[in-house]
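>>> from the sequence below, what's the structure:
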Amino acid sequence: MATLELSMQDEAVSAPVRRGRKLGLLFWLASGWLAIILTLAILAPVLPLQNPVDMDMLERRAAFSTEHWLGTDGLGRDELARLIFGARVSLTVGLIAPMIGLVFGGALGLLAGYFRGRFETLVVGSMDVLLAFPPLIFALAVTAYLGQSIPNLTLILGVLGIPAFMRVARAATLTLARREFVIAAEALGASHARILLRELLPNVILPLLAFFLLGVAVTIVVEGALSFLGLGVPPPMASWGSMIGEGRESLDVAPRLAFLPAAGLFLTVLAFNLVGDTLRALTDPRQGAL
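Down below sits the predicted model:
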């Protein structure tokens, strides 16, 4: 008995260690980078930074200095302040837009995968119609009608993300709907609402959250592309995409103006992808019983 107890204790202690080893060094490096970027973005208003919209035409494209650590842009605005406030905008859109897809797409996918039949056909068909509509045309139409702003941009990207989250939730629900614990709940007379909320949702939410991180990475890239094309946040507000677009005009004399926001965008998207891929692999319902 003592030997059995010791082995069970060793197993309990070694389980977190094995999980930590599964995550790997890249996961922790990516998580550290995301923690730094999120902290800077949240604390941007209280950090000792210069105003990111204040212009000084006498200091246009100034080099690195103690006053401007990363120099200034083509209008004399502090590049470090614009990078940090740009991260604030990009991450705001990148995090909130996928939440719209997660809530609405996840709910539709959960219901479609559980009830099946005509409701599933209606939901899948409507998502196919939304996917068939050109995203750029949709963004142009909404922007032209509602105007350029962070809420409008977030709404556009959130609606465009609903079909992807619906498909993930529906696939996970189809995998779990005929599992033993669901059949047992049905046999005990549990209502549809109880089965959906108590049995299926806790298991479906795990792959959805992992996919959410991948959706954040994609949304940041799309926001950057739209801002680069002039369809994103209105000037003089900074985002990484608009900074890359503005720096394009100075590639011959100050290439850092485009490369610095591009590097921040690349590293942040890569970090979200690494963390999302790792968590997706750990929460995939096909890897084992739930």
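
>>> got a pLDDT number for residue 35?
We have a pLDDT of 94 for residue 35.

>>> residues in contact with it?
Applying CB atoms under 8 Å, 6 or more residues apart in numbering to residue 35 gives no contacts. Yep, even glycine has a C-beta here, placed from its N, CA and C like the rest.

>>> now do it against residue 216, distance only.
The spacing between residue 35 and residue 216, counted by CB to CB, to the nearest Å, is 14 Å.

>>> just residue 62 next, same as before
Plainly put, residue 62 is 34 Å away from residue 216 if you go by CB to CB.

>>> of those two, who's got more company?
residue 216 (26 against 18; other CB atoms under 10 Å).

>>> so that one touches residue 98, yeah?
Yes - here residue 216 reaches residue 98: they are 5.4 Å apart, a contact under CB atoms under 8 Å.

>>> what's stretch 55-64 in contact with?
Here stretch 55-64 has contacts from 68, 70-77, 250, 253-254, 257, using CB under 8 Å, 6+ apart.

>>> now it: mean pLDDT?
79.

>>> distance from the chain centre to that stretch, please.
34 Å (CA atoms, centre = their mean, to the nearest Å).

>>> the spatially most central residue of the chain: which element?
Centroid-nearest residue in the chain, with CA atoms, centre = their mean: residue 216, separated by 1.2 Å. If you go by DSSP states H and E, residue 216 is part of helix 201-228.

>>> residue 103 in helix, strand or coil?
Recorded secondary structure, residue 103: helix (DSSP: H, G, I helix; E, B strand; the rest coil).

>>> residue 165 versus that one, what's the distance?
Relative to residue 165, and taking CB to CB, residue 103 is found at 8 Å.

>>> neighbour count for these two, which is higher?
More neighbours surround residue 165 than the other of residue 103 and residue 165, with 27 against 14 (other CB under 10 Å).

>>> now do the SS call for the more buried one.
From three-state DSSP, the assignment for residue 165 is helix.

>>> and it, what pLDDT?
On pLDDT, residue 165 comes in at 93.

>>> that one touches residue 211, doesn't it?
Yes - in terms of CB under 8 Å, residue 165 counts as a neighbour of residue 211; the distance is 6.9 Å.
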